[in-house]
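Visitor: Build the 3D model from these lines:
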Amino acid sequence: MSATAHPAVSIVERLAPLFTGPLADSAGTLVEAEPPPDAVSVARLLAEPLLLHGILVRNHAFLKAAGTDLRASASMWHMRYLWTLLPYSMAALTLFRHALPTLPAEMWLDVDPDGQPVRFYVTGPGREAPEAAAQVRYEALVFRHLDPLTEALNGLTGLSRRIAWVNVARHVQAVFDGGQEQPAFARVSTEDRRALLEDPTWTRLDPAGPPGGGSNPLFQPPREVLLPATPGTPSRTVQVHRACCLYYKLGEPRYCGACPLAPENLPRKSRAINAG
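Guide: Residues are numbered from 1 along each chain as shown. Model prediction:
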């Protein structure tokens with residue numbers, strides 16, 4: 001290398017300006033570097049139930065969740081995992097038409113002492129996919145990483161596949177929403193967003209086919225609930241998530257603003273049933 005030459009800037013480094021504003025808390029959650037000795041291969045995490053179970057039990061204790069039912073705490077862990085994995089992976093796929101190494105055999109996960117996902121390590125630059133349609137670019141991430149993770153959590157804790165995929169869809173939408181402050185990302189993300197979140201079918205290259213025989217597991221549009229008029233409040237329609245993430249089961253009942261089980265989001269008849 002000549003004295004004036006500079007090493008190529010990696011895709012991960014080129015993505016750094018995107019991680020401001022709504023995505024700032026995801027900065028540094030994926031790095032291109034040799035993993036530290038205590039990082040866990042994602043392939044091993046998915047292949048060894050006892051390893052993943054141990055991490056989920058630590059997470060359960062950290063969340064001060066009561067009892068031995070891991071479904072609610074596993075859902076919270078899953079969402080932390082997604083917010084650690086998806087921002088860099090999606091930004092590379094959408095902004096640069098580049099697939100980072102996101103197959104389980106290509107990634108290592110660093111978790112803290114409480115079992116919380118902290119960051120992913122990849123050791124290579126990945127591969128370009130400049131002309132590929134959105135579902136082709138995202139196929140490996142969705143069906144060879146997120147689908148096995150869904151199955152592992154379902155098998156270990158009973159967390160329903162439906163809840164897991166709603167978690168994924170919510171985070172995919174959050175990344176697209178968060179990136180809108182960056183003009184370069186906003187310009188190119190519209191078609192990817194439509195293909196991933198609004199198309200009920202998924203056309204795969206893999207002849208084995210996706211779950212549901214061609215259905216798109218990310219197609220989880222919010223439900224609309226008509227809330228009847230009450231004294232001083234006209235009737236109105238609100239959007240709620242397709243399924244509850246089970247957050248309300250941890251400690252005192254707490255609901256997100258779009259929770260389908262939140263009392264304020266229930267039609268009057270349902271509220272009366274729940275109250276009784």
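Visitor: Return the distance of Gly28 relative to Glu128.
Guide: The gap separating Gly28 from Glu128 is 24 Å, by Cβ to Cβ, to the nearest Å. Any C-beta I mention is one placed from the backbone N, CA and C, and that applies to glycine too.
Visitor: what do you get for Gly54?
Guide: 38 Å.
Visitor: and if you look at Ala134?
Guide: Counting by Cβ to Cβ, the gap from Ala134 to Glu128 is 15 Å.
Visitor: Settle it for me: which of the two has more neighbours?
Guide: Set side by side, Ala134 and Glu128 show more neighbours around Ala134, with 18 against 12, by other Cβ atoms under 10 Å.
Visitor: hang on, the more buried one packs against Glu191?
Guide: Yes. Look at Ala134 against Glu191 with Cβ atoms under 8 Å: they come within range, at 6.3 Å.
Visitor: so the residue positioned nearest the centre of the chain is in which element?
Guide: For the chain, the residue nearest the mean C-alpha position is Leu82 (3.3 Å; Cα atoms, centre = their mean). Counting by DSSP states H and E, the element that carries Leu82 is helix 71-95.
Visitor: Pull the number of nearby residues for the closest residue to Glu181 other than its chain neighbours.
Guide: Among residues not flanking Glu181 along the chain, Gly21 sits closest, at 4.7 Å (Cβ to Cβ, 6 or more residues apart in numbering). Gly21 has 11 neighbouring residues, counting by other Cβ under 10 Å.
Visitor: Pro17 too?
Guide: The number of residues packed near Pro17 is 10, by other Cβ under 10 Å.
Visitor: likewise Ala16?
Guide: 12.
Visitor: now it: how far from Gly178?
Guide: 15 Å.
Visitor: The stretch 151-276 of the chain: helices as residue ranges?
Guide: Ranges of helices within the stretch 151-276 of the chain are 161-178, 183-193, 268-275, based on DSSP state H, counting those that start in this stretch.
Visitor: can you pull the contacts of the closest residue in space to Phe219 that isn't next to it in sequence?
Guide: In space, and not counting its chain neighbours, Phe219 is closest to Pro200: 4.6 Å by Cβ to Cβ, 6+ apart. Pro200 is in contact with Ser215, Asn216, Phe219, counting by Cβ atoms under 8 Å, 6 or more residues apart in numbering.
Visitor: Right, I'll call it a day here.
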